[in-house]
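[1] This is a predicted model, with the sequence first.
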There are 4 protein chains.
Amino acid sequence: MKQKIRMGMVGGGQGAFIGAVHRMAAALDGEIELVCGAFSSDPERSKASAADLGIPEDRAYGSFDEMIRREKRLRPEKRMQFVSIVTPNHVHFAPAKMALENGFHVICDKPLAFDMKEALALEKIVEKTGLLFALTHNYTGYPMVKQARQMIRNGALGAIRKVVVEYPQGWLSTFLEQDGQKQAAWRTDPKRSGIAGAMGDIGTHAENLAEYITGLKITELCADISIFVPGRLLDDDGSVLLRFDNGAKGVLMASQISAGEENDLNIRVYGELGGIAWRQMEPNTLTVRWLDKPAELFRTGRGELYPEAQKHTRIPGGHPEGYLEAFANIYRNFALCIRAREEGRTIDPIYTDFPSVKDGVRGMKFVEKVIQSGKSKQKWINL
Amino acid sequence: MKQKIRMGMVGGGQGAFIGAVHRMAAALDGEIELVCGAFSSDPERSKASAADLGIPEDRAYGSFDEMIRREKRLRPEKRMQFVSIVTPNHVHFAPAKMALENGFHVICDKPLAFDMKEALALEKIVEKTGLLFALTHNYTGYPMVKQARQMIRNGALGAIRKVVVEYPQGWLSTFLEQDGQKQAAWRTDPKRSGIAGAMGDIGTHAENLAEYITGLKITELCADISIFVPGRLLDDDGSVLLRFDNGAKGVLMASQISAGEENDLNIRVYGELGGIAWRQMEPNTLTVRWLDKPAELFRTGRGELYPEAQKHTRIPGGHPEGYLEAFANIYRNFALCIRAREEGRTIDPIYTDFPSVKDGVRGMKFVEKVIQSGKSKQKWINL
Amino acid sequence: MKQKIRMGMVGGGQGAFIGAVHRMAAALDGEIELVCGAFSSDPERSKASAADLGIPEDRAYGSFDEMIRREKRLRPEKRMQFVSIVTPNHVHFAPAKMALENGFHVICDKPLAFDMKEALALEKIVEKTGLLFALTHNYTGYPMVKQARQMIRNGALGAIRKVVVEYPQGWLSTFLEQDGQKQAAWRTDPKRSGIAGAMGDIGTHAENLAEYITGLKITELCADISIFVPGRLLDDDGSVLLRFDNGAKGVLMASQISAGEENDLNIRVYGELGGIAWRQMEPNTLTVRWLDKPAELFRTGRGELYPEAQKHTRIPGGHPEGYLEAFANIYRNFALCIRAREEGRTIDPIYTDFPSVKDGVRGMKFVEKVIQSGKSKQKWINL
Amino acid sequence: MKQKIRMGMVGGGQGAFIGAVHRMAAALDGEIELVCGAFSSDPERSKASAADLGIPEDRAYGSFDEMIRREKRLRPEKRMQFVSIVTPNHVHFAPAKMALENGFHVICDKPLAFDMKEALALEKIVEKTGLLFALTHNYTGYPMVKQARQMIRNGALGAIRKVVVEYPQGWLSTFLEQDGQKQAAWRTDPKRSGIAGAMGDIGTHAENLAEYITGLKITELCADISIFVPGRLLDDDGSVLLRFDNGAKGVLMASQISAGEENDLNIRVYGELGGIAWRQMEPNTLTVRWLDKPAELFRTGRGELYPEAQKHTRIPGGHPEGYLEAFANIYRNFALCIRAREEGRTIDPIYTDFPSVKDGVRGMKFVEKVIQSGKSKQKWINL
């Protein structure tokens, strides 16, 4: 009988948003079981959250420190196999470090850490321990993103020339953090979020998506970074000119004051022969336009897709999959990798495809440089 | 500590499509646990499927009969609380009947039964036992379908005049059943599917959606029912004129030979003041057009929706939810109802909203009449 | 120096809608000059309209009778070459007949005539005189409609199985004719419109479009025809089951009480290999879905289109052409045919493609049968 | 009897693209008559073009110089009233200057001139002569652009914060100018086009559209300007960070190497309360998204629009108007202004709304600065 992979969670207690997303993503494919958690820095709330989630009292911990120490003492076949970290940015590093150093694999929400120093330290720990580490840049989990990546990899578009990636949201158009809205509060607080607001929260998703799909690296950038809402402490909008390592040019925009926008991450990539366009809000269509023939619509779940796309889909074409399914692809792959490793099997590279600690370091570097550029009179900053 | 609701499954073994959908839907919200199953009529395959799913051997049963008998003997706090039936149509009635008569609630895939006789018998059993019964007309689980229903209920469109509901698919454009494709084989086999092919498989979804959203009942119909693929035994296309109990008129189309279409269930409803349009393939937008003001786009996850829509959404606007989430809404509500009943609590009617055995009987009646009309020279047939 | 083709107009005076459309359509391509008119049955209004339009007083006529008689007496190189008839239905036949019998070509608005008797008589007159006659089923003038027709003709979709054509409007959702709205008044008046309201006004466009694109003929129909707005005298909504001469099935809907809809004529045609979809409100895209490869978007103005589409486009892809351009295609072709005939040249059949008197007779027959079916208890009526 | 306004044309002979567009735009509304032209710098081709266009031989001129001199000698009621200049950029200034100085109004294609010096000189001449001058930034002629402008003017969106304007095309993805394609040849030739390629040809449209809709002025910019196609002499792609006079930020992109794109000019503008989005390729819809209520779709031709939008529409909602109709709005307004001036009447400001010489000067300044910025290491350049 197949055993589910056992997960412990740090953060994500009552009232949190992203914790519930991680749990649904972990549950969807029946590969993972939530067995324990330190759901809040407040031990009482942690236990109450655990009870809600059907976690037995003896595995509802008051802190991640307690969780890691006590789980380690359990029998191998009972104790958690990996830790999922869903706390604000300033509480990524410490639990990740401790988990890894105690032999647990780690899935961590993005951005990787509070600052560059933590990010680099974490990268070293991952390397040293040799354990599995995934960062939930969940948008790369979408099947049509994988299809786009494969098309570009295989040269369907020719050499890439232009990349436009945008992430407009409107939910921070007002001074929401003043009203105590929890999601707004920590994301706009330099003590919890780090040096960046929008650029860290969603700009890193855009950067990750652009580099993932194109296989290119940003080498230089020039940013205009703004705070539009009076009283706000961190950026709520930014526009960035990009240059890539192959000579391609581009633009990245991330905004949380684009009033009326929901979560409209989208990307266009143009090569010599054609261009692709993808929008997260209608994620099951990939539009490919060609110089000399009709545009094509590639669709999730259809047989003509690359295996990389097909293997990240659960249901036939026309049965829309969404945000949670894309998020679940990261968890599913992570679980398959743990299982393969424990069984000493190699695994098809299709399933090792999830964002790594190196992607996380790259994202932190992007944040650092983009904020630096925003303050600089120098036109181009190297990344 | 909250206990998950315990589910046993009939059907859905290796190679099945809809069984996996039911399991993902059941797992998503963390309310339900799959504890046992009779996953195949072949005991060996049933056990192999169980092992894959992490079900212990002693709860992998060779038949639904065995499952129901043996589970009944387990301690109440261990045994399954409901049965999920995901077999082809001809194996809905027997397990549903037996489960209900042995005290288990039932979720059953649609259409309700093999024929009208079974359907009416099942309705009586549900009434007699007083147990919970849900039919997975999953498309009514979409938040924007619930929003549409509430808008119409509240009179936003005025009296309803016109309803157009379509369910075009193209996957049976060729003689797929001859190639042994499992999904095609049973759906086109009168011994397993009943008197109808497309009209039973997807026509009933369209009928259910139209009546659910409008709150109206179809009273008369006039159908043209076709078999386009040579050699096929059941209908693969049908178009139906509809008349409703308030005087509204309409058209229902269901087709599995609309080549190139994926799963494009869609509906438009027009009243005196405006009209709504919804498409399952982009399910998070409800378009409402008005006589004298700009059209509006209602979107899943936004604060301006009715509670009936909001309570069936998990994540904020712009994070697309899809087919599995809508399906999961039925399972989630069903689990909440079981829990409320066991705890002797009443429950907000928002959560008792899932398709019932009566909806199933109505669907079967629709199938019977639409097939009868297809063969008749009489213009209008009463429903 | 090239001379413009000279046009006289019947109807279309101050306050009319469709007359202005015809004039813009005629003017667009610089092939046609409006030289005279009988713009109203009221001679004073006719002259006032003429002055507005820059028509010299001596060619502003008080009636079509006067216009035809007096123009005939002018020198051949001065007198009008064709008559454009843009009056309500009950004033199509008389001016068309008289124009033809006096040697003038005719463009006439649709439907062809007030009733079947007039239609058949007109058909004979056209045949007898051998003159050019065009009916402004303008929607077949769209380039992407022509592209669709050619694709189907060339077998790209295989044998056609299913046709769905809809023409929803909402502007007659209220009892507009009571308020003296001119467009509503004559269209809902049996003395001016004939036996049909919506089915004549827009149902005939839908019928014409379906037969034009598919090359098939409707052989049987079964209709549900309604008057929804109390007090109205003619149908404002109808749904019709269709059977075609090759065994294809279909549905035609035409409605003027689909509240909130503007002018959403659209069609889908499915064959064995794929399906096409086209919407008049976004007319520059033709979506073609395939069984086994990605859907394609054909676009007005691009080089990969058939000549039949390319020759009905003026500007490059991405510069949207609309309703007036499609309408102008009929006028442009008509003018080219007149010119070729006068110069004794043959002409590429691409330019002889405009709706004929035969299409008009067919539309009138459709109206007759669809209204008859609406009143009948017999299921199928032959067309 | 109303007389048409008489137009003479410079350029636009056989094989030209934009000349035909200007002629269709001028003809559409029946306000303007083409009476003469110097259609080519080659007198023979000019005369041949004139013959094709139905221009009598005595008004087919061999050069603009000849045209202006000889027309001036005609009787006032016969001679042309304005000159339409549709030549490449390097032949804008001379005919415009001469026309104005001889008492003729001028419509000129964009960009205004070959360089800044010419532009400023022309501005002075226009001021001195007091004659009418229009620049065909045709995209501001779209009704929904005017609707957007009025909404912003009236404060519907609150203070503007963010503007994103894009103009992607793909037609210069290859070295088309080498193959002698006429449109490509002059646009990529510094001797005819000036210092800019894409930025002059389409970047100026984007700049004009952004300032027109928002009512704001760009004050600073930072550009990355590229030539992607080897051998090309002028820019074929550019991305520009923008700062506006009210503190708003933005991005402008113009590209002719976005392979597969047709002519996808589009703009989004976000204010404190909501955002608007408009795309030229589907120009009849203006999407307005709001912070706290459903998004709205404003549509060309509907009664709820501002008069500024309604008065630039010819046909009811759902009858799509396109590129030529928007272009015609400039000609129509220009003709109405000439007529009003000649009749000594004042005119509703709705009809004086067409791009002026000042807009042209601003566009030339934008070109100058954006090209300067592209070459500069300085981050921000003042505009």
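    Arrived safely, thanks for sending. Residues are numbered from 1 along each chain as shown, chains lettered A, B, ... in the order given.

[2] Please parse chain A into its domains.
    A:5-131, A:142-315+A:362-382 (automatic domain parsing).

[3] Now do the first one, average pLDDT.
    Domain A:5-131 carries an average pLDDT of 96.

[4] is any part of that domain close to chain B?
    Yes. Residues of domain A:5-131 contacting chain B under Cβ under 8 Å from any Cβ of the partner chain: A:17, A:20-21, A:23-24, A:27-30, A:34, A:50-57. Just so you know, the C-beta spots here come from the backbone N, C-alpha and C atoms, and that holds for glycine as well.

[5] now swap in the longest one and tell me
    Yes. In this structure, domain A:142-315+A:362-382 sits against chain B according to Cβ under 8 Å from any Cβ; the contacting residues are A:169, A:171, A:261-264, A:280-284, A:299, A:301-302, A:314-315.

[6] Could you tell me which of those belong to strands?
    Mapping these onto strands (DSSP state E) picks out A:R299.

[7] Chain neighbours aside, what residue packs nearest to A:N382?
    Of all residues not flanking A:N382 in the chain, A:E220 sits nearest, at 5.7 Å (Cβ to Cβ, 6 or more residues apart in numbering or on different chains).

[8] sorry, back to before: put the buried members of the residues of domain A:5-131 next to chain B into a ChimeraX selection.
    Command for ChimeraX that selects the buried part of the residues of domain A:5-131 next to chain B, burial taken from 16 or more other Cβ atoms under 10 Å in any protein chain shown:
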select /A:20,21,23,24,27,28,29,30,34,50,53,55
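
[9] rewinding a little: that's a helix at the residue nearest to A:N382, yeah?
    No. Going by DSSP: H, G, I helix; E, B strand; the rest coil, the assignment for A:E220 is strand, not a helix.

[10] Pairing partners for it in the sheet, please.
    A:R243, A:N382 (DSSP bridges).

[11] A:A134: what's it in contact with?
    A:V106, A:I107, A:C108, A:I330, A:N333, A:F334, A:F354, A:P355, A:S356 (Cβ atoms under 8 Å, 6 or more residues apart in numbering or on different chains).

[12] What is the neighbour count of the fifth one?
    For A:N333, the neighbour count with other Cβ atoms under 10 Å in any protein chain shown is 22.

[13] measure it to chain C for me?
    Using Cβ to the nearest Cβ, to the nearest Å, A:N333 is found at 26 Å from chain C.

[14] Read off the pLDDT value for that residue.
    Note for A:N333: predicted pLDDT of 98.

[15] Secondary structure element holding it?
    helix A:323-342 (DSSP states H and E).

[16] Figure out how far that helix is from the centre of its chain.
    On the basis of Cα atoms, centre = their mean, to the nearest Å, helix A:323-342 is displaced by 13 Å from the centre of the chain it belongs to.

[17] C-alpha coordinates for it, PDB please?
    Output in PDB follows, covering the C-alpha atoms of helix A:323-342 (Å, rounded to 0.1, in the frame of the first residue of the first chain):
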ATOM      1  CA  TYR A 323      -4.600  28.500  -9.600                       C
ATOM      2  CA  LEU A 324      -4.900  25.600  -7.100                       C
ATOM      3  CA  GLU A 325      -4.100  23.000  -9.700                       C
ATOM      4  CA  ALA A 326      -1.000  24.900 -10.800                       C
ATOM      5  CA  PHE A 327       0.000  25.300  -7.200                       C
ATOM      6  CA  ALA A 328      -0.700  21.600  -6.600                       C
ATOM      7  CA  ASN A 329       1.700  20.700  -9.400                       C
ATOM      8  CA  ILE A 330       4.600  21.900  -7.300                       C
ATOM      9  CA  TYR A 331       3.500  19.900  -4.300                       C
ATOM     10  CA  ARG A 332       2.800  16.800  -6.400                       C
ATOM     11  CA  ASN A 333       6.200  17.000  -8.100                       C
ATOM     12  CA  PHE A 334       7.900  17.600  -4.800                       C
ATOM     13  CA  ALA A 335       6.200  14.600  -3.300                       C
ATOM     14  CA  LEU A 336       7.100  12.400  -6.200                       C
ATOM     15  CA  CYS A 337      10.700  13.500  -5.800                       C
ATOM     16  CA  ILE A 338      10.700  12.600  -2.100                       C
ATOM     17  CA  ARG A 339       9.100   9.200  -2.800                       C
ATOM     18  CA  ALA A 340      11.600   8.500  -5.600                       C
ATOM     19  CA  ARG A 341      14.500   9.400  -3.400                       C
ATOM     20  CA  GLU A 342      13.300   7.300  -0.500                       C
END
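
[18] Determine the set of other helices and strands touching it.
    strand A:5-10, helix A:18-28, strand A:105-108, strand A:133-135, helix A:143-153, helix B:323-342 (3 or more Cβ pairs under 8 Å, 6 or more residues apart in numbering or on different chains; DSSP states H and E).

[19] Just want the angle from it to helix A:18-28.
    60 degrees (axes from the mean of the first three to the mean of the last three Cα atoms, to 10 degrees).

[20] Around chain C, pick out the residues from chain A.
    Proximity of chain A to chain C (Cβ under 8 Å from any Cβ) is limited to residues A:V288, A:D292, A:K293, A:P294, A:A295, A:E296, A:L297, A:F298, A:R299, A:R302, A:G303, A:E304.

[21] Would you map the helices across chain A?
    A:18-28, A:43-52, A:64-72, A:93-101, A:116-129, A:143-153, A:182-187, A:190-193, A:198, A:204-214, A:307-310, A:323-342, A:357-375 (DSSP state H).

[22] quick one: buried residues of the longest one?
    Right, the one you point to is helix A:323-342. For helix A:323-342, using 16+ other Cβ under 10 Å, the buried residues are A:323-339, A:341.

[23] OK, contacts around the closest residue to A:P190 other than its chain neighbours?
    Distance criterion Cβ to Cβ, 6+ apart; nearest residue to A:P190, sequence neighbours excluded, is A:L233 at 5.7 Å. Contacts were defined as Cβ under 8 Å, 6+ apart; by that measure A:L233 touches A:T188, A:D189, A:P190, A:G197, A:I227.

[24] what about the last one, how many residues close to it?
    Applying other Cβ under 10 Å, we find 17 other residues in the vicinity of A:I227.

[25] Could you measure from it over to A:S193?
    Counting by Cβ to Cβ, to the nearest Å, the separation of A:I227 from A:S193 is 13 Å.

[26] what is in contact with these two at once?
    Listed as contacting both A:I227 and A:S193 by Cβ under 8 Å, 6+ apart are A:L234.

[27] could you check the distance from the residue in the stretch 51-200 of chain A positioned nearest to chain C over to A:A99?
    Chain C sits closest to A:Q147 of the stretch 51-200 of chain A, with a gap of 10.2 Å, by Cβ to the nearest Cβ. As for A:Q147, its distance to A:A99 is 33 Å (criterion: Cβ to Cβ).

[28] So if I had to pick from those two, which one is more boxed in?
    For A:Q147 and A:A99, the more surrounded residue by other Cβ under 10 Å is A:A99, and the numbers stand at 30 against 26.

[29] which residues touch the more buried one?
    Neighbours of A:A99 in contact, by Cβ under 8 Å, 6+ apart: A:F64, A:I68, A:F82, A:V83, A:I85, A:H105, A:V106.

[30] Could you verify my assumption that the first one touches A:A38?
    Yes. The pair A:F64 and A:A38 qualifies as a contact (Cβ atoms under 8 Å) at a distance of 4.6 Å.

[31] When these two are compared, which one has more neighbours?
    When neighbours are counted by other Cβ under 10 Å, A:F64 and A:A38 differ, and A:A38 comes out ahead with 29 against 26.

[32] Just give me the neighbour total for the closest residue to A:W290 other than its chain neighbours.
    Leaving out its chain neighbours, the residue that sits closest to A:W290 by Cβ to Cβ, 6+ apart is A:G274, at 4.2 Å. By other Cβ under 10 Å, the residues close to A:G274 number 25.

[33] Please apply the same query to A:P355.
    A:P355: 25 neighbours (other Cβ under 10 Å).

[34] And it, its phi and psi?
    Phi and psi for A:P355, reported as degrees, to the nearest 10, are phi -60, psi 140.

[35] Was I right to think it contacts A:F133?
    No. With contact defined as Cβ under 8 Å, A:P355 does not reach A:F133; the gap is 9.4 Å.
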